[in-house]
Each structure stands twice: as structure tokens, then as C-alpha cells.
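Peer 1: Attaching a predicted model along with its sequence, questions to come.
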Amino acid sequence: MTRRHAASLLRWLWLGAVVVVVAFPVYATVVTALLPPTDVAAGRLVPRPDRLTLDNVRTVLGTAPLAQQYLVSVAVTALQAAAQLTTAALAAYALVFPRWRGRGVAFALVLATLAFPGESLVIPNFQLVSGLGLRDTVLGIVIPYLAAGYAVFLLRQAFLALPREVWEAARMDGCGDLRALVLVVLPMARPQLVTAAMWCALSAWNGYFWPLLITDSPQRRTIQVGLAQLVVDQVTAPAVIYAGTLLVLLPTLLLVLFGQRFLVRGLAARVTT
């Protein structure tokens, strides 16, 4: 075996090991969630899909108010991702195409927001939402996250890589700023736009601390908070806990699988600074 073949074999063995390490937790979660409780109690290191059933999933969905919390999470994710994409696209457009004094300072302020942990803004956000009378509501969960600095940065970098001549031609043809953004700029940056959308959606779906803090009734909380409560309530039924984890994990897996093509293109696209 030549050195070249040996290097190739080692590379494939390394990739195979990485795939096993990444895929095994997903496999164990899915299979354990669909196994009868008696099989889970056997404590096998590698669960075998011998007898699969949906009883655990039915138990989770029948445990009030997890089904309603699931709908709350969907609503929060849709509203928050849409708002962040809208504000990010508008801000990135303003930071790239129009010529105005202070663009660099404005972009520096956007980057500065990335240096502040979200926990440092909890108290002013809580006071704002409470003052608006939106505690224990979906809007109360979403309002502090209508904009995201990372999404602005990502789209700004994507817009910088676009040919400016196309935008200038659209402006000469009579396109206003909003029409140029929607009809010219965003279609050319579609892979990066999908990447930003996935990031915004995953961030909203995985939110835990703020929804827990700003909501009081269990019916108004998100599925992440509900899952934490399920772990406490069903500590003696690990199969049910795995089923709840599967329900939380499923939307993120589907999102990544369907958006993988755009995700790879968006991350591999050449950007300039």
C-alpha cells in the first residue's frame, strides 16, 4: 500500500469515526423514544429497534400542556425568525449599498452587540415587556429578539460580495431602495439568506431562559421549558423523556436536512470584509 492510499484510508476511517460519534446520539434518542418501557429498562448500551411503538409519543402529546407548548414554540420561532431576517436584510442593505457618512461606525455598533451576553440584558428586557403589559404572551417572548447582530453581520458580508453594478443598474432603471432589495439583492444572496434564516430559526426554537422568565402559566411556555418539566415529572420513565426529546429534536433535524444544500453554499460562498 502506497503512502497516498494509506493517507486516504486513514482519512476515511477518521470520517467514519466522526459520523459514528455524531450519529449515535441521534440514533439512540430515536430508537429509545420508540421502544416499549420494558425494553428501555433493560439498559442496553446500544438500543436495538426490535419492537417499535408510538405509545411514548402519545403519552408525551397527551401530557398537558406539551402539545400547546409545541404550538407556542412554532409561533415564537416563525415570528422571531421573520422579524430578525427582515431587520437584518434592511440593516445590511443600508450598510452596504447607499453611501452615507457613519456607515463604519454603525457597523461597529452592530458588532459591539455581539460582545454582550444575552443574560446582561435580561433586567431591562423584563422591565420593557412588563411595562408593555406583554408578560405571559407570545409577543412578550419575541419582542426583545426582533433584531440580531449576527444575522446583520452575515447578510452584510453576503451583500458585499455581490456585484455593485447590478444594484446601480437597478437604481438607474427607477427601482427604489426597498424594491432593489427585494427584487435584486435578496435573490442574488439566496444561499446566505437561507443560512441566516436557519440560524435565526434554530436560535428561536432552542430558547429556554427568557421564555421561562417572562411566562407564568405552563400553557404559554415553549416546548424547551416543557421538556425540562417533563424530565422532572417523568424521571422514572426514561422512554417518555426520550420521546419528548425526539419531538423537540425533530424540527431542527428536518430544517437542517431540507436546508443543507443552501447551508453548504452559504457557508462556502466567498465573502469580503
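Peer 2: Sure, I can see it.

Peer 1: what about the chain, any weak spots by pLDDT?
Peer 2: Within the chain, the stretches with pLDDT under 70 are 1, 41-45, 64, 235, 262-273.

Peer 1: nearest spatial neighbour of the residue positioned nearest the centre of it, skipping sequence neighbours?
Peer 2: In the chain, the C-alpha nearest the mean C-alpha coordinate belongs to Leu202, at 0.9 Å (C-alpha atoms, centre = their mean). Leaving aside its chain neighbours, Leu202 sits nearest to Thr252 (6.1 Å; criterion: C-beta to C-beta, 6 or more residues apart in numbering). No exception for glycine: its C-beta is placed from N, CA and C like everyone else's.

Peer 1: what secondary structure does the one you found sit in?
Peer 2: At Thr252 the chain is in helix, as set by DSSP: H, G, I helix; E, B strand; the rest coil.

Peer 1: Any idea how many residues pack against Arg135?
Peer 2: Neighbour count of Arg135, defined by other C-beta atoms under 10 Å: 16.

Peer 1: pretty sure it is touching Leu128, no?
Peer 2: No - with contact defined as C-beta atoms under 8 Å, Arg135 does not reach Leu128; the gap is 10.7 Å.

Peer 1: For Thr53, grab phi and psi.
Peer 2: phi -150, psi 160 (degrees, to the nearest 10).

Peer 1: Quick check: it touching Thr38?
Peer 2: No - Thr53 is not in contact with Thr38 according to C-beta under 8 Å; the separation is 10.8 Å.

Peer 1: Looking at these two, which is more packed in?
Peer 2: More crowded of Thr53 and Thr38, by other C-beta under 10 Å: Thr53, with 14 against 9.

Peer 1: Would you mind measuring from the more buried one to Val110?
Peer 2: According to C-beta to C-beta, to the nearest Å, Thr53 and Val110 sit 50 Å apart.

Peer 1: what's the answer for Glu165, then?
Peer 2: 26 Å.

Peer 1: Mind checking which of these two has more residues around it?
Peer 2: Higher neighbour count among Glu165 and Val110: Val110, with 21 against 8, using other C-beta under 10 Å.

Peer 1: got a list of what the more buried one touches?
Peer 2: Neighbour list for Val110: 91, 95, 149, 152-153, 156 [criterion: C-beta atoms under 8 Å, 6 or more residues apart in numbering].

Peer 1: check which helix or strand covers it.
Peer 2: helix 103-113 (DSSP states H and E).

Peer 1: All the helices of the stretch 1-150 of the chain, residue numbers only.
Peer 2: Counting by DSSP state H, counting those that start in this stretch, the stretch 1-150 of the chain has helices at residues 3-33, 37-41, 55-62, 66-96, 103-113, 122-131, 138-142, 149-160.

Peer 1: Next, the buried residues of the fifth one.
Peer 2: Of the residues in helix 103-113, those buried under the neighbour-count criterion (16 or more other C-beta atoms under 10 Å) are 107, 110.

Peer 1: next one: the second one
Peer 2: Neighbour-count burial for helix 37-41 flags 39-40 (criterion: 16+ other C-beta under 10 Å).

Peer 1: Which strands or helices does that helix pack on?
Peer 2: If contacts are counted by 3 or more C-beta pairs under 8 Å, 6 or more residues apart in numbering; DSSP states H and E, helix 37-41 sits against helix 238-258.

Peer 1: how far off helix 3-33 does the helix it packs on point, in degrees?
Peer 2: 130 degrees (axes from the mean of the first three to the mean of the last three C-alpha atoms, to 10 degrees).

Peer 1: List of residues touching helix 238-258?
Peer 2: 26, 29-30, 32-37, 40, 56-57, 59-61, 63, 66, 70, 74, 198, 201-202, 205-206, 223-224, 226-227, 230-231, 234-235, 263.

Peer 1: got it, and stretch 87-100?
Peer 2: By C-beta under 8 Å, 6+ apart, stretch 87-100 touches 103, 106-107, 110, 146-148, 151-152, 154-156, 158-160, 164, 167, 177, 180-181, 185-186, 193, 196, 200.

Peer 1: Using PyMOL, define a selection of the buried residues within those residues.
Peer 2: Filtering the contacts of stretch 87-100 down to the buried ones (16+ other C-beta under 10 Å) takes a single PyMOL command:
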select buried, resi 107+110+147+148+151+152+154+155+156+158+159+167+180+181+185+186+193+196+200
